[in-house]
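Engineer: return a 3D structure for these sequence lines:
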Amino acid sequence: MSKNTICLWYDKDAEEAARFYAGIFPDSAVSAVHRAPGDYPSGKEGDVLTVEFTVAGVKCIGLNGGPMFKHNEVFSFQIATDDQEETDRYWNAIVGNGGQESACGWCKDRWGVSWQITPRVLTEAMAAGGAEAKRAFDAMMEMGKIDIAAIEAARRG
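Structural biologist: Residues are numbered from 1 along each chain as shown. Below you'll find the model as predicted:
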């Protein structure tokens with residue numbers, strides 16, 4: 001186990017979520033599934049308790065802890081994309097499989113985990129600072145999924 005691992009709480013679908021992520025993002029995989037050695041408040045002996053997985057190179061553990069805690073926007077995965085095709089592919093995979101669109105490149109998967117699908121051109125525009133960053137920022141504030149051509153046009157003024 002890594003010294004630092006992100007632990008995500010799920011009701012009962014940690015394995016399904018981990019396999020979904022592994023099927024979408026490169027450098028992602030499910031590495032282990034651990035079953036409960038005994039009954040616990042939201043499950044029985046033999047149920048999937050934890051799942052070790054990697055999302056885009058980030059080590060995670062999914063814990064099937066029950067329905068008492070829900071995901072929200074205070075935590076999100078930010079996925080950098082190189083072009084509109086990649087942006088569309090990740091966005092559509094998450095939103096199109098029971099997820100939900102949000103604003104400014106954010107969306108949620110069907111388990112409520114938040115994702116920022118962020119084209120590198122947007123990050124570069126923000127890093128440029130000044131009027132260029134302001135124009136790109138203003139354009140982004142009007143978007144759900146990020147439109148790279150619109151960000152590039154805003155950068156140029």
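Engineer: can you give me the helices for this structure?
Structural biologist: Ranges of helices in the chain, per DSSP state H, are 14-24, 84-95, 120-128, 130-140, 148-156.
Engineer: out of these, which is closest to Ser102?
Structural biologist: helix 84-95 (9.4 Å; C-beta to C-beta). C-beta here means a position set from N, CA and C on the backbone, and glycine is covered the same way.
Engineer: could you check the angle that closest one makes with helix 120-128?
Structural biologist: 100 degrees (axes from the mean of the first three to the mean of the last three C-alpha atoms, to 10 degrees).
Engineer: in CSV, list the C-alpha atoms belonging to helix 84-95.
Structural biologist: C-alpha atoms of helix 84-95 as CSV (Å, rounded to 0.1, in the frame of the first residue of the first chain):
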residue,chain,number,x,y,z
GLN,A,84,-11.6,18.4,-27.6
GLU,A,85,-11.9,14.8,-28.5
GLU,A,86,-10.3,13.7,-25.2
THR,A,87,-12.4,16.2,-23.3
ASP,A,88,-15.6,15.0,-25.0
ARG,A,89,-14.7,11.3,-24.4
TYR,A,90,-14.2,11.7,-20.7
TRP,A,91,-17.1,14.1,-20.2
ASN,A,92,-19.5,11.9,-22.2
ALA,A,93,-18.4,8.7,-20.4
ILE,A,94,-19.1,10.3,-17.0
VAL,A,95,-22.3,12.2,-17.8
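Engineer: quick check: angle from it to helix 14-24?
Structural biologist: Inter-element angle recorded for helix 84-95 and helix 14-24: 160 degrees (by the same axes, to 10 degrees).
Engineer: could you give the average pLDDT over stretch 88-95?
Structural biologist: Mean pLDDT, computed over stretch 88-95, is 98.
Engineer: and what of stretch 101-110?
Structural biologist: Stretch 101-110 comes out with an average pLDDT of 98.
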